[in-house]
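Novice: turn this into a model:
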Amino acid sequence: MKISPSSCSPQFLPRTLFKFHHSPLPFISKKPHKLSFKFICACQSSNDSNPSPSQDFTLLSLLLAIPNWADGIKERRMKQKRSLYDHKSWVQHRSSLRHVRHFLSSLSSRVILSLVPPVIVFTLVAVIIASYNSAVSIHWLPEFFPILRASSLPYQLTAPALALLLVFRTEASYSRFEEGKKAWTKVISGTNDFARQVIASVESPSDSMLKKAILQYIMAFPVALKCHIIYGSDIAQDLKNLLEADDLSVVLSSKHRPRCIIEFISQSLQLLDMDATKLHVLESKLCCFHEGIGVCEQLMGTPIPLSYTRLTSRFLILWHLTLPVILWDDCHWIVVPATFISAASLFCIEEVGVLIEEPFPMLALDELCLTAQSNIQDIMRNEKLIKDQVKKAKRKIHSRKHSSNGWPNPLEDRQPS
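Specialist: Next up, the predicted model:
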């Protein structure tokens, strides 16, 4: 048998040579096929560190197929862009047909699809227990096999505890969702207010280009913060139309992109030709951006205490593993649909709490950023026109209050306001 150097990497050669050295010559001459088998096994066992997907098709991969499928659907739906509600959306939201619409869309709900693995498992457990008890009842099994039954009193005592645990878990998650929504409301309102202050304060014609650059940085900050807290965001694509190529490269090379944009704003403000009081007022607006970063990072880095989440999961698992045993005397084979309904309902409540625990994928952050950009761009376009209208109105008021000779008009003063 010829062995080419490319057939096996150098790390495999010592094992191969070891087998050649310890194989006697008669064995090699009489049974060369065994030597080749040993050589192949040595190379294959060394290659086990990087198995191909086809070789790893085991029972474990089969068992994980459904959970991986459900998690894939859930993560894809998490990345979908949310939209802000308008009047038409609210009319549809409170429509009397909403219950029918929600029921018909159950199979496309990511919450329900993500519950397929646990619901299937506990329903199968109920089927197994019901089959075993039925086999014992009709004497298909020896008499020493007992029927699995128990008193329902422990469930009656622990049901309120489970209900309170689920309610508190969901309420804690919703408080995080509310905090994230309030933080982003402050960021967007701070962005609009900061842009208004820059437009009103920077009046020097020599600062027009610098003023435009600062406004671009202000519009880019919410986008950078959104990409900082949303997994899988394409910040280069989102900021492509807001920043110049040189500025964008600096932002992309930074470890903390939102703070990098804040630094761009701060350095640009120092170059403006204005008095120190106005400059101090503009720099104070940056506090809103720093506060938004702090709240968002705190929510992302600190989940609800993990012991609380683990306790809820373990409670639900033990509850549904023993539920068919508790209900057997009263329900018999109805324990199967009863377990299915109970698992689907209670795990759905727990799943909603887990989803809204990370609030930012649930918010319409892309729409909020686009709304802030459109508002600032609209003010920039209408800035000159608004100033002309205000000056014209001021001249009209001035001409009404004074006569042609420069003295106040007494008739005008006697008119009621």
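Novice: who's in contact with Ser313?
Specialist: Each residue near Ser313 by C-beta atoms under 8 Å, 6 or more residues apart in numbering is listed here: Glu350. Where you see a C-beta, it was placed from the backbone N, CA and C, and this is true even at glycine.
Novice: buried residues in the helix or strand containing it?
Specialist: Per DSSP states H and E: Ser313 is located in helix 306-331. Of all the residues in helix 306-331, those buried under the rule 16 or more other C-beta atoms under 10 Å are 309, 312, 315-316, 319-320, 322-328, 331.
Novice: turn these into a markdown table, columns for pLDDT and distance to Leu346.
Specialist: Output for the buried residues of helix 306-331, formatted as a markdown table (pLDDT from 0 to 100; distance: C-beta to C-beta, whole Å):
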| residue | pLDDT | distance to Leu346 |
| --- | --- | --- |
| Thr309 | 92 | 15 |
| Thr312 | 93 | 10 |
| Phe315 | 94 | 10 |
| Leu316 | 94 | 6 |
| Trp319 | 93 | 8 |
| His320 | 93 | 8 |
| Thr322 | 92 | 14 |
| Leu323 | 93 | 10 |
| Pro324 | 93 | 15 |
| Val325 | 93 | 17 |
| Ile326 | 92 | 15 |
| Leu327 | 91 | 15 |
| Trp328 | 92 | 20 |
| Cys331 | 89 | 17 |
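Novice: grab the nearest non-local neighbour of Ser95.
Specialist: Closest residue to Ser95 apart from its sequence neighbours, by C-beta to C-beta, 6 or more residues apart in numbering: Arg101 at 7.6 Å.
Novice: what's the neighbour count on the one you found?
Specialist: Applying other C-beta atoms under 10 Å, we find 10 residues neighbouring Arg101.
Novice: quick one, what contacts the closest residue to Val116 other than its chain neighbours?
Specialist: Using C-beta to C-beta, 6+ apart and skipping residues adjacent in sequence, the residue nearest Val116 is Ala70, 5.1 Å away. Contacts for Ala70 (C-beta under 8 Å, 6+ apart) come out as 113-117.
Novice: which of those residues are buried?
Specialist: Buried by 16+ other C-beta under 10 Å: 113-115, 117, out of these.
Novice: now for these: which two are most distant?
Specialist: Greatest spatial distance among those (C-beta to C-beta): Leu113 and Pro117, at 9.9 Å.
Novice: mind listing what's buried along stretch 171-183?
Specialist: 172-173, 176-177, 180, 183.
Novice: identify the residues contacting it?
Specialist: The contact list for stretch 171-183 (C-beta under 8 Å, 6+ apart) reads 291-292, 295-296, 299, 304, 308, 352-357, 359-360, 362-363.
Novice: in helices, which of the residues you listed fall?
Specialist: Counting by DSSP state H, these place 291-292, 295-296, 299, 308, 352-357 in helices.
Novice: now do the same contact list for the most centrally placed residue in the chain.
Specialist: Nearest residue to the geometric centre of the chain (C-alpha atoms, centre = their mean): Pro361, 3.6 Å. Pro361 makes contact with 78-79, 230 under the criterion C-beta under 8 Å, 6+ apart.
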